[in-house]
Structures are given as structure tokens and as C-alpha cells.
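[1] The following block contains a protein sequence and its predicted model.
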Amino acid sequence: MENFKVLTMAEMMANGEKPEVLFWVGCAGSFDDRAKKVTKAIAKILHATGMKFAVLGTEESCTGDPAKRAGNEFLFQMQAMNNIAILNGYEVTKIVTGCPHCFNTLKNEYPSLGGNYEVVHHSQLLQQLIDSGKLKVAGGPFKGQKIVFHDPCYLGRANNEYEAPRSVIQKLDIYLSEMKRSKANGLCCGAGGAQMFKEPEKGVKDINVERAEEALQLDPTIIAVGCPFCNTMMTDGVKNFNKEDKVQVKDIAELIAEAIDIK
Amino acid sequence: MISSILFTLLLAIGVTLFTNKIREVVRNIQLGRELDLSDRSSERWATMARVALGQSKMGSRPVAAFFHVLIYVGFVIINIEVIEIIIDGVFGTHRILSFMGGVYTTLIASFEFLAIGVLSSCFVFLSRRNIIKLRRFHMREMTKWPKSDANIILITEILLMSAFLIMNACDYKLQLLGAEHYSHATGIVGAFPVSNILLPMLSGMSIDSLVVLERSCWWFHIIGILAFLNYVPYSKHFHILLAFPNTYYSKLTPKGEFTNMQSVTNEVKLMMDPMAVVPAVDPNAAPQRFGAKDVQDLTWKQLMDSYSCTECGRCTSACPANLTGKLLSPRKIMMDTRDRLEEVGKNMNEHGGTHDDGKSLLGNYITEEELWACTTCNACTEACPVNIDPLSIIIEMRRYLVMEQSSAPTELNGMFTKVENNGAPWQFSPTDRMNWANDVN
């Protein structure tokens, strides 16, 4: 794929244009090296399907999710109101996020503070694109492989979306294997509720090790995730069992991008 | 005649004691903060019908669900028979509802089968707790009282059902013998397919001793029910009543949606724009704490949650923190909330409304270590068969710790500072936010 320029809302506005969707990249997607690859994959898929999208670029700031889950409601609402002022300033109507935490916060916690948008997680947008025929995925490099999908808490239980990521993965002609604890009974990777930013409390095991163990028992070649935090946690969990050469942890956006050969 | 008076008196005492305790529980629940849940009533009725009446969330553990349904159905339906028992007791009649004929016969017969269902379920549950020793019934918070509570309930139900069946067997035998008071002109009333089996054990007993045995079982059964009724509000068994209002008032918004604190919204709005219009604050109102330190800082619904908890431990056995050996147990959060609320209520009874015992839910019951172990994953709320929300209590306490005490773990304070300074929970310059897009191809 040739280079293309990702436009910011400011640039689009200057051109007198409006995007179909705002891509909310998120902090992990912007700064974490692993998550940046997922961000690129999402951008490339959007570009490949011809969908007109923009990002906020340097105007984007943390949604406030980790602050809120950690009890800092002041900081959360300050972040939220600043973001809402910017989003409303650009008259944003539809947002796609690369992270279920941003997705949940923007979708559920911004409306009562004055931010009303149609918010989708990238797995939902991918499903919409596939369903509408704009994105064609057929088998590809993953054909026949065994993939396990780890439900992100803030997409699954928190927002009742279990099917979109699965239906997207299944387009890859793979064998989708389910862990015993999946969907509504899925086990957290251990990073939610601001745990990503602190050491765990004293215990007998790390949560990501418990979860990676469960996934590895199914002997998959790929553990698919839909969240940058899950990605980190599951990757570390797999390393804990020295299986990183045999089992890859990949976001569903990366799988799709590879399958349509735009990696 | 004397027995009628005695029975009426006991009934009155039992019901009065029960209503007094219920009043106290209602008062305790109302110690919580206001919360308007008067919206979406049709959805609420539907949730209650599905989750409480229909037990829709029990099925994730099929064995427990099956035996629980036997007890539940048995309990509810056999209580229809209690109506007749009470009328017979007050007026000294015998099987007053038998005029219903075939319907009555079917009912009495079905009660007997249900009684067997209840009996066997109680034995299964006792063995799960005391012989198989399922892990979730033997965790740290399952101290002496919670364990005894469960056993007392199960043993009481076994005794009540046994008395019920023996009473029926004697009654049937007395009807067969044509004993006075027990015989009806229409022949045998009721059908006794289960207690029938006990008849050989009663052979050779005189009418007088059969009457004594039948009356003893009758009295034991009805006094047992009255005693049990008064035990329930002190016990985890309270869920049999509170499951209904508690599921009615279930959280209907997405599980991931946490409340936005209005008091904070007002302050942030004023901070961003001093001219902002925010709701006027009553200057005479006592300033409200941010978050929760004690039970009075929780909402009435969170307090009702605590009384509705039957300590089954499904939440804790699904909790990722607990599964990996951390101190946090969502069940313990609920048990602590109830214990503390009962303690506050007791203080009010003894010393009047404003007594401060110097204790609080956070600190004396729940530790900071427990609260910080939560990943807010909602596994606990998903697992709860009566839609209790331990997560919201954990978050309220974190809010108190952060906004009133500034006592978040150091790393989290660091994260707050980074979000404030550079708009991300990590130390990166906001100007680098779009660097990822430098080489998309």
C-alpha cells in the first residue's frame, strides 16, 4: 500500500470537509509501541475501504477512564469536559475507537456531560464495513489456524458486545476456539480499573498469567484481542510460559489488515 | 378453644415481631443517600420477573440451579397450605379448604411431592457445604456465623418438611380410622401419596396417640414457620423476600457506565467557566462527602443490595482478583456493608439517631488493599443471581480515598499527574501524539 496522510479534524475543517467518522486513537494507541501498530492497522483498513476519517491528533487527550475507575472523578470530568468542548467544536457525530475503555467512556459517560455521539468500537466498525460489502475479507494467511478470542471486559460485559469481534475473526476462515470463561463469563486480563498503571496487590498469581494459561491450554496459534491493555497483558502472559515463539497475540484489526494484504 | 386462642396469640406475636424488624430494616436502608429509580418501570417489572421470579441467572451453575428451583418452588407453593393451616388454627376447623374437592386433592398431593423435593435439595445443599466442602463456601469471609447461618436454614427446612409429612400421615390415618374432628362426611379429604409411605410406622398407635403426634407436628410446623419468619431478616436467607425489590431496582444502564457525580460536575463547570450556570446549593445543607467512607454515604440501593445478599459467593468465585489470591472478595464487600449497617442501626436503637461509635465501613470492615485490587471487570455483577452491584461500592470508596483522603497508591497518583500534565496516563509529550501517523503505508 502506498503512503497516505492521516488527516486531523483541523486539517479537514480547513479544507472545508467533514469526515464520516472520527477515529479516536486513545493514549495507548498513540504512545505504546505495540498499540501503535494496531492504530496503523485500523487507519489502513479505513483508508483501504475509502472511508473518510480524521483524527484529533494533538488535540486528543485521555478520556479520563483510568482516573474515573481509580476514583478521581474530578480529573475524569475535567478531561471529559475538555474533550467534549473539542468534539462538539468540530461537530463530531460518529466516533470509532481503538480501545474498549475509550469506547465505553465516550459512549456511556460523556452524554450526561454534554457529549452525544454515535460511538463504536473498531470491531463493530469492521463488522459494519464487512456487512455493507465495503471490506472484503476472504481467508488469507490465517486460513485453518486456531484462534482464541479474549473478550475485553469493557466491550463484552460492560457493553454487551460479544458477536462483532467474533464475526470479524470468522471471516478469516479460521477455527475459532472458545475458552471456558468467555463472553459474559470472560476473565479479565488484569489491566482494567487502572490496574494497568500500578503493581498488583499481594496474591498468589498474576491475573494475566491465569488468563494466558487458560488460552494456551487450547493450543492456539493466535490469541486475538480487541484492547491495547489486553494486548500487553496477554503478551506478557504468553511470555511467562515461554510460548511467544509459538503463539502470537494480535488485535483483530491487525489480523484483518494482514488478511487483506495491507500490512 | 384454648388452642385456638393460643394459636392466634402466637400468630399475632410472630407477625408483630416480624413487621417491627422489617420496619427497622427499611429505616436502615433509608439511611442511604437518595437515588431516583422511579424510571423505566415496565423494564423493571420485566427484569424482576425474569431474574427473581424466573431465576434466569441461576442456570450458569446447573446443579445448584436445579436444587434451588426445587426448594424455591416447594417453598412458594407449600406456603399456600400455610393459609389453610392458619385458618384451621384460628377457628379450630379441620382442612377447611377441602370443600374445593378435586382441586384440593390435587393440591395436597402436589404439596407432598414438593416437600420431598425440598427435603432432598436441603440434604444435597448440606452435603455441598459440609461434606463436599465446595471452595466458595469455605473462603476467608465465611467465618463461623455465615457457615452456621446456612446450616441452620437448611436444617430448619428439613425439620419443617418432616413435620409436615408426619402430620399428613397421622391426619390420613386418623381419617381412615374415622376419628372425630378428622373425618369428613364426604370421605377422605386430600391425597397423601408421599406420607402414605409412613403409615406402616403408625400402625398399632391408638387414636389418642395419633392425635397427640398429629397435633405436635402441627404445632411444631406452624411455630417453626413463625420462628423462621422472624429469623429470616437477621439471616442471609433474607434474599427470599428482597430478591424481588432488589431486582426491580436493578441497574439498567450498561454495566460499564459508572455514575457521573453531579457535585463534581458543578465544580468542574465553574472551574472551566466562572459564569457557568449550575444548580444552586442549599447553604444550610451539610456538605456531602465525596465518595463513601461509611454506610450512610452509600445509596439506599447499595444498602438494599447488602440485605439481599445470600452469600452464595458466585461473585467471588468469578472475581479475577480473588481467583489469583488477592484479599478482595465482592461477597465480603456486601457482607461487611450489611454488618456495618446493622451495627449503625443497633447504635441508633440504643443511643438515638446521631450516635457516633467512631467506626466506619472503610477502615473497620473493608481495607484499602481490598479496594485497590479491583479491576472493575464486572464479573461480580454478572455472576450475581439477584443483580447486586458490589463494584459500585468499591468505586464509591475509591472516590473517598482519592478525593477526600488523597490516599491512592503512589503509582496511581503518578498516573493522575500525567493525565493532568500531558493528557495521557504515561509520560509522553502531547505534541508526539500523532507520531504514529508519520509512516502509515
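    Happy to help now that I have it.

[2] What's the local residue count around residue 13?
    I went with chain A, as the question did not name one. Using other CB atoms under 10 Å in any protein chain shown, residue A:13 has 16 neighbouring residues. For glycine as for every other residue, the C-beta is placed from the backbone atoms N, C-alpha and C.

[3] other chain: chain B
    12.

[4] Just the pLDDT for it.
    At residue B:13, the pLDDT value in this model is 96.

[5] Leaving out sequence neighbours, find the closest residue to it.
    residue B:226 (7.9 Å; CB to CB, 6 or more residues apart in numbering or on different chains).

[6] what's the helix or strand for the one you found?
    Element membership for residue B:226, per DSSP states H and E: helix B:207-231.

[7] now residue A:148: how far from chain B?
    The gap separating residue A:148 from chain B is 17 Å, by CB to the nearest CB, to the nearest Å.

[8] Now for the nearest residue to that residue once chain neighbours are set aside: which residues touch it?
    Nearest residue to residue A:148, sequence neighbours excluded (CB to CB, 6+ apart): residue A:220, at 4.3 Å. Taking CB atoms under 8 Å, 6 or more residues apart in numbering or on different chains, we find residue A:220 in contact with A:145-148, A:177, A:247.

[9] What are the phi and psi values at residue A:220?
    Phi and psi for residue A:220, reported as degrees, to the nearest 10, are phi -90, psi 170.

[10] Determine the number of other residues adjacent to the residue of chain A found nearest chain B.
    In chain A, the residue that lies nearest chain B is residue A:158 (2.7 Å; CB to the nearest CB). Applying other CB under 10 Å, we find 26 residues neighbouring residue A:158.

[11] Go ahead and list the helix or strand containing residue A:212.
    Applying DSSP H and E, one finds residue A:212 within helix A:207-216.

[12] hmm, that helix touching chain B?
    Yes - remark: helix A:207-216 sits within contact range of chain B at A:207, A:209-211, by CB under 8 Å from any CB of the partner chain.

[13] Can you check the pLDDT for the residue nearest to residue B:13?
    With respect to pLDDT, residue B:226 scores 94.

[14] Check residue B:280 too.
    What the model reports for residue B:280 is a pLDDT of 77.

[15] Count residues in the vicinity of it, would you?
    7.

[16] And it, how far from residue B:198?
    From residue B:280 across to residue B:198, the span is 73 Å (CB to CB, to the nearest Å).

[17] swap in residue A:57?
    Taking CB to CB, one finds residue A:57 at 82 Å from residue B:198.

[18] With neighbour numbers in mind, choose between the two.
    Neighbours were tallied for residue A:57 and for residue B:198 using other CB under 10 Å; the higher tally belongs to residue A:57 (19 against 16).

[19] picking that back up, ok, the residue nearest to residue A:148 to residue B:320 distance?
    From residue A:220 to residue B:320 the distance is 21 Å (CB to CB).

[20] Low-confidence regions, chain B specifically.
    B:441 (pLDDT under 70).

[21] Packing partners of the longest helix seen in it?
    Assignment by DSSP state H gives helix B:144-176 as the longest helix of chain B. Contacts defined by 3 or more CB pairs under 8 Å, 6 or more residues apart in numbering or on different chains; DSSP states H and E place helix B:144-176 against helix B:62-91, helix B:102-130, helix B:199-202, helix B:207-231.

[22] Helix B:102-130 and that helix, what's the angle between them?
    Per axes from the mean of the first three to the mean of the last three CA atoms, to 10 degrees, the angle that helix B:144-176 makes with helix B:102-130 is 150 degrees.

[23] tell me the angle helix B:144-176 makes with helix B:62-91.
    Using the same axes, to 10 degrees: helix B:144-176 against helix B:62-91 is 50 degrees.

[24] one step back: need the residues of helix A:207-216 next to chain B in JSON lines with neighbour count, can you?
    Output for the residues of helix A:207-216 next to chain B, formatted as JSON lines (neighbours: other CB atoms under 10 Å in any protein chain shown):
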{"residue": "A:207", "neighbour count": "27"}
{"residue": "A:209", "neighbour count": "18"}
{"residue": "A:210", "neighbour count": "21"}
{"residue": "A:211", "neighbour count": "26"}
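
[25] Looking at those, which is nearest residue A:68?
    residue A:207 (20.5 Å; CB to CB).

[26] just checking, that closest one touches residue B:375?
    Yes - using CB atoms under 8 Å, residue A:207 is in contact with residue B:375, at 7.0 Å.

[27] For the two, list the residues in contact with both.
    A:188, A:190, A:195, B:320-321.

[28] Tell me the one of those nearest residue B:296?
    residue B:321 (26.7 Å).

[29] Next, see if the host helix or strand of that closest one gets close to chain A.
    Residue B:321 is part of helix B:320-323 when elements are defined by DSSP H and E. Yes - Helix B:320-323 lies within reach of chain A by CB under 8 Å from any CB, at B:320-321, B:323.

[30] Going by distance to residue B:363, which of the residues you listed wins?
    residue B:321 (19.9 Å).

[31] need the contact list for residue A:162.
    Contacts of residue A:162 (CB under 8 Å, 6+ apart): A:151, A:156, A:183-184.

[32] Let's see that with 10 Å instead.
    A:149, A:151, A:155-156, A:182-184, A:186 (CB atoms under 10 Å, 6 or more residues apart in numbering or on different chains).

[33] Residue B:261 too?
    Residue B:261 neighbours (CB under 10 Å, 6+ apart): A:68, A:73-74, A:76-77, B:267-268, B:288, B:290-291, B:396, B:399, B:403.

[34] Out of the contacts of residue A:220, which two sit at the greatest distance?
    Longest distance between any two of the contacts of residue A:220 is 12.1 Å, between A:177 and A:247; criterion CB to CB.

[35] can you list residues touching both of these two?
    A:146, A:148, A:215, A:219-220.

[36] Measure how buried the nearest residue to residue B:73 once chain neighbours are set aside is and give me the count.
    Once flanking residues are discounted, residue B:73 sits nearest to residue B:114: 6.5 Å by CB to CB, 6+ apart. Residues contacting residue B:114 under the criterion other CB under 10 Å number 21.

[37] quick one: residue B:114 and residue B:77 touch, right?
    Yes - with contact defined as CB atoms under 10 Å, residue B:114 counts as touching residue B:77 (5.6 Å).
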